[in-house]
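[1] no sequence on hand, only this structure:
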């Protein structure tokens, strides 16, 4: 008992004033007491501070209290926190007391009419005086408690975040209520923001509603606002508008957060601690690709599918989508043992009776004998080739390895697909293959040419399809992960050039594009994706710094290190000689590519990969440049090959 008492005292000692609540029933009791006292105060005021003779208990006294109590329940005047009294609460009190007075006066009038009695105007004066006394006391006590509360916790609130709520609708009101109800909340609501011009300038729950144009860097600095929180349903706000709000907010120095999805709290109530940082994927500013799984099921039902590079960011997401379909078997092939093991365990956890059979294979796509064994054993119907070396600086330093995996691996898979009568072969390429400036992009372009050349052969029944897209947010080694690690270490963030831009897409989008292309493709196409506008990497870094609660001017530095070997300032999805043709999916286009000489191209590419390690780096890259005239190296030792060609 003594121990329990000590624990209780210790707990109370740690509680702040924010932890203390007054029950709504205690507030109602206080309000009824005020009505009772006001009845006598009114008598004193009206009769020159002298209590007049009256019969007590008077029937009108109980009628008076009954009407006020009824209206207090009707307007729920006692449910708000006294310490958070707002204009809205004051309005409810005045409305409740006014209707109470009107109700009492009507009751007295009807009673006197029925009883043929004259109205006692002195009683009317008492009731009107009481009305003003009630309002004065109820509002004054609330404002007094609010003032004491603010003074008492001024030290505690210095660490709170002043926030703006974007959305003056039902979700915004619910979040405001959740903040007021949570004594542990670190948020202080400064204002609402709404796109509806009819709402701006007004007050909601006593808090002003602003338009986004009002929210400037000067405004947030003056009012010490740190955060903006989205409290609006996604269907009520376009992706483009959402992205522009996020961009504007981060540019002026606000951290952007959002409420959890409604279905995650609808049954349990909103919890302020569920508010989360917005995903960087929101910065893309466009609607994501949506797969028609029913159509895919019809196309892929009963198939055996081989996914190479299955443990990578794109490959693993392709697998996660495929396991939901009615496929016979999926073969997961990768040389990254640990990542493949993790993916296998993940799939085992979500396994159901309807999942396809999953075969996990460790191996290298450049090993033709190994691949032949896999094709013989499993005879895949469809191949998704996501195996590749993708990091520009590493490939630039080791062109032998880039060629071995990216080109030789593609050749092996493509040739075996023909030999084993694979229905579709889908290759994952990159925007770096367009007018390449580095070895990595050049190897992918050579692979594209090889695939194109095979597609020209009418005797080949395999449909060869290529997908081409930009950088993937959150993929292994992506700039987002690099920036995150640098921010968590306290900086600095390193960027190669202040003007560098990149196209971005999400991992699910990239993976869905590949699968959709496999469904759409008839052979020989290069599918490109409407990736919206390119993003400046410096803007992305600044937004991430703010999202992690730092200030790029004072907390995290951005350092420019210079372009890396083979790096472009900007990427392209099409060459000058290519153009886009539409498909049924308005986010996916077919590149109208220039024709290639299939026989010559296949021979030259096979010559390139033959006995790779007997050739020097310069010899290998020179052969690639002969295949791809538009391949001009940038900031690389291979620039001298371009100089020789120009002489």
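    Done, it's in. Quick caveat: nothing in here was measured; it's all calculated off a predicted structure.
[2] which residue comes closest to residue 591 once chain neighbours are left out?
    Leaving aside its chain neighbours, residue 591 sits nearest to residue 526 (4.2 Å; criterion: CB to CB, 6 or more residues apart in numbering). No exception for glycine: its C-beta is placed from N, CA and C like everyone else's.
[3] tell me the contacts of the one you found?
    With contact taken as CB atoms under 8 Å, 6 or more residues apart in numbering, residue 526 is in contact with 429, 448, 452, 466, 467, 468, 590, 591, 593.
[4] contact partners for the fifth one?
    Contacts here follow CB under 8 Å, 6+ apart; on that basis residue 467 touches 426, 427, 428, 429, 513, 514, 517, 526, 527, 528, 529.
[5] recalculate using a threshold of 6 Å.
    428, 513, 514, 517, 527 (CB atoms under 6 Å, 6 or more residues apart in numbering).
[6] show me which of these is closest to residue 490.
    Nearest to residue 490, judged by CB to CB, of the contacts of residue 467 is residue 428 at 35.9 Å.
[7] leaving out chain neighbours, which residue sits closest to the closest one?
    residue 386 (5.0 Å).
[8] ok, residue 94 next?
    With CB to CB, 6+ apart as the criterion, residue 94 has its nearest non-adjacent residue at 6.2 Å, and that residue is residue 135.
[9] just give me how far whatever helix or strand that neighbour lives in sits from the chain centre.
    Of the helices and strands defined by DSSP states H and E, residue 135 is found in helix 121-152. Centre-to-centre, helix 121-152 and its host chain are 47 Å apart (CA atoms, centre = their mean, to the nearest Å).
[10] after that helix comes which helix or strand?
    From helix 121-152, the next helix or strand downstream (DSSP H and E) is strand 161-166.
[11] pull out the buried residues from that following strand.
    By 16 or more other CB atoms under 10 Å, the buried positions in strand 161-166 come out as 161, 162, 163, 164, 165, 166.
[12] distance of the nearest residue to the last one once chain neighbours are set aside relative to residue 412?
    Translated: residue 166. Nearest residue to residue 166, sequence neighbours excluded (CB to CB, 6+ apart): residue 193, at 4.6 Å. Using CB to CB, to the nearest Å, residue 193 is found at 56 Å from residue 412.
[13] more neighbours, these two?
    residue 193 (27 against 23; other CB atoms under 10 Å).
[14] and that one, what does it touch?
    Residue 193 neighbours (CB under 6 Å, 6+ apart): 164, 166, 210, 212.
[15] ok, now residue 200?
    Residues near residue 200 by CB under 6 Å, 6+ apart: 209, 211.
[16] surely residue 421 is within a helix?
    No. Under DSSP: H, G, I helix; E, B strand; the rest coil, residue 421 sits outside any helix and is assigned coil.
[17] which strands and helices sit next to the helix holding residue 135?
    Judged by 3 or more CB pairs under 6 Å, 6 or more residues apart in numbering; DSSP states H and E, the packing partners of helix 121-152 are helix 24-46, helix 87-115.
[18] list the buried residues in that helix.
    Judged by neighbour count (16+ other CB under 10 Å), helix 121-152 contains these buried residues: 123, 126-127, 129-131, 133-135, 137-139, 141-142, 145-146, 149.
[19] and residue 460, backbone torsions?
    With angles defined as degrees, to the nearest 10, residue 460 sits at phi -90, psi 120.
[20] with residue 372 as the reference, measure out to it.
    Distance of residue 460 to residue 372, given as CB to CB: 18 Å.
[21] swap in residue 501?
    Distance from residue 501 to residue 372, by CB to CB: 43 Å.
[22] which non-adjacent residue is nearest residue 479?
    Per CB to CB, 6+ apart, closest to residue 479 is residue 537, 6.5 Å.
[23] with residue 641 instead?
    Of all residues not flanking residue 641 in the chain, residue 622 sits nearest, at 5.5 Å (CB to CB, 6+ apart).
[24] what's the helix or strand encompassing that neighbour packed up against?
    If you go by DSSP H and E, residue 622 is part of helix 617-627. Using 3+ CB pairs under 6 Å, 6+ apart, the elements in contact with helix 617-627 are helix 399-402.
[25] quick one: buried residues of the helix or strand residue 68 falls within?
    Per DSSP H and E: residue 68 is located in helix 59-75. When burial is assessed from 16+ other CB under 10 Å, helix 59-75 yields the following buried residues: 60, 61, 64, 67, 68, 69, 71, 72, 75.
[26] residue 115: which of those is nearest?
    When the buried residues of helix 59-75 are compared for distance to residue 115 (CB to CB), residue 60 wins out at 13.5 Å.
[27] I'd like to know how far the closest residue to the closest one other than its chain neighbours sits from residue 39.
    Leaving aside its chain neighbours, residue 60 sits nearest to residue 123 (6.8 Å; criterion: CB to CB, 6+ apart). Distance from residue 123 to residue 39, counting by CB to CB: 11 Å.
[28] just to revisit the earlier point, redo the buried residues of helix 59-75 as JSON lines? Include distance to residue 317 and pLDDT.
    Formatted as JSON lines, the buried residues of helix 59-75 follow (distance: CB to CB, whole Å; pLDDT from 0 to 100):
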{"residue": "60", "distance to residue 317": "75", "pLDDT": "73"}
{"residue": "61", "distance to residue 317": "73", "pLDDT": "71"}
{"residue": "64", "distance to residue 317": "70", "pLDDT": "78"}
{"residue": "67", "distance to residue 317": "65", "pLDDT": "81"}
{"residue": "68", "distance to residue 317": "63", "pLDDT": "82"}
{"residue": "69", "distance to residue 317": "61", "pLDDT": "82"}
{"residue": "71", "distance to residue 317": "59", "pLDDT": "81"}
{"residue": "72", "distance to residue 317": "57", "pLDDT": "79"}
{"residue": "75", "distance to residue 317": "53", "pLDDT": "77"}
